[in-house]
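Chemist: Fold the following and give me the result.
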Amino acid sequence: MYASIVLTVAQSKRLIAKAVAALPEVRRALEEGTVAIGRGTTNAYVAEEVLGHEIPKGEYVAGRTMPKRVPGNLLGTGAYPDIVLKKGEAVDNATVVGAVAEMGPDDVFIKGGNALNYPERVVGILVGHPTGGTIGGTYGTIISRKIHLIIPIGLEKLIHEDINALSRVTRDAAAHPAAPVVSLFPITGTVITEIEAFHLLCDVEARLLSAGGVAGAEGAVWLLLEGGARELDAALTLYERLADEPNLAVHQQT
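Modeler: Sure, this is the predicted structure:
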């Protein structure tokens, strides 16, 4: 049996966040280990689901993609403190980079991305920081210590090219001075999109059917859901709960 639904970007972020919070490795780390949540809009939703309360999502960002001529600080200043939890308790004055330096195989680091090659399960992160930002300061440790890297990312960020090849191009120094190229940092880990979210939360298979929209549905995705009647009922019930999720808005200029 099939059903089709459409999710706005914000609804997808909330759905993905619920799935990340339900992952067995995340639940285990919340009880017995450390969970560090990197900055990003999707991760702000993840933080809310993990913490069980709202945070100022626009403040839990680092880099951000916004329309030309819209000041980035209208979304937020990024001043909200890093979220690091040890056995479910927030660690005051902690940084995610510092936390990863002390983490091991039973711990979890959650980091979003900007580009997704879904068939290869490779994610690209745009890095403007001169030393690679959060991912530059943690990825080697994550790999060498076998830390669980969870990557929540929406299907709106699908690209069709090889991310490793694109990364090599972005590192070419011959960029136009009026439009410098941001470097793309490839990573791998446990990728959680809307597809994995519906499978984990409702035991239904999801496929990307279409994308795009207007009137607040820009970047939206159509999903084709497949499963038994009971499972699809659960998925549609969840879908109804997501319907009131507001788009992440900027502060109005005064």
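Chemist: so where is the stretch 151-254 of the chain shaky, pLDDT-wise?
Modeler: Scanning the stretch 151-254 of the chain for pLDDT under 70 picks out 250-254.
Chemist: Show me where it has its helices.
Modeler: 163-170, 194-202, 229-242 (DSSP state H, counting those that start in this stretch).
Chemist: Please indicate which of those has the most neighbours on average?
Modeler: helix 194-202 (a mean of 20; mean count of other C-beta atoms under 10 Å). (C-beta placed from N, C-alpha, C; glycine too.)
Chemist: Figure out how far it is from the centre of its chain.
Modeler: 15 Å (C-alpha atoms, centre = their mean, to the nearest Å).
Chemist: And stretch 143-161, by the same measure?
Modeler: 8 Å.
Chemist: Mind listing what's buried along that stretch?
Modeler: Neighbour counts over stretch 143-161 (16 or more other C-beta atoms under 10 Å) mark 147, 148, 149, 150, 151, 152, 153, 154, 155, 156, 157, 158 as buried.
Chemist: Please enumerate the helices of the stretch 1-150 of the chain.
Modeler: Under DSSP H, counting those that start in this stretch, the stretch 1-150 of the chain gives helices at 9-22, 24-32, 41-51, 96-100, 133-145.
Chemist: May I see these organised as TSV, with distance to residue 215 and mean pLDDT added?
Modeler: Supplementary listing: the helices of the stretch 1-150 of the chain in TSV, determined by distance: least, C-beta to C-beta, whole Å; pLDDT from 0 to 100:
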stretch	distance to residue 215	mean pLDDT
helix 9-22	13	98
helix 24-32	34	98
helix 41-51	20	96
helix 96-100	36	96
helix 133-145	34	94
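Chemist: For residue 181, which of the ones you listed is the nearest?
Modeler: In terms of C-beta to C-beta, the element of these nearest to residue 181 is helix 133-145, at 15.9 Å.
Chemist: Contacts for the closest one, please.
Modeler: 38-39, 62-63, 96-97, 100-101, 103-105, 109, 111, 125, 127, 129, 131, 147, 149, 185, 187, 189 (C-beta atoms under 8 Å, 6 or more residues apart in numbering).
Chemist: of these, buried ones?
Modeler: Using 16+ other C-beta under 10 Å, the buried members of the contacts of helix 133-145 are 38-39, 63, 96-97, 100, 103, 109, 111, 125, 127, 147, 149, 185, 187, 189.
Chemist: Now residue 122: closest residue in space that isn't a chain neighbour?
Modeler: residue 163 (4.6 Å; C-beta to C-beta, 6 or more residues apart in numbering).
Chemist: is it true that that neighbour touches residue 188?
Modeler: No: counting by C-beta atoms under 8 Å, residue 163 stays clear of residue 188, with 9.7 Å between them.
Chemist: Out of the buried residues of stretch 143-161, name the two that are farthest from one another.
Modeler: Put simply, by C-beta to C-beta the two of the buried residues of stretch 143-161 set farthest apart are 147 and 156, 26.9 Å from each other.
Chemist: In contact with residue 157, which residues?
Modeler: Applying C-beta under 8 Å, 6+ apart to residue 157 gives the contacts 113, 114, 115, 116.
Chemist: If the third one is in a bridge, with which residues?
Modeler: According to DSSP bridges, residue 124 are recorded as the beta-bridge partners of residue 115.
Chemist: so it makes contact with residue 185?
Modeler: No: here residue 115 lies out of contact with residue 185, judged by C-beta under 8 Å, at a distance of 9.9 Å.
Chemist: tell me, what's touching these two both at once?
Modeler: Taking C-beta under 8 Å, 6+ apart as the contact rule, residue 115 and residue 185 both touch 124, 125, 126.
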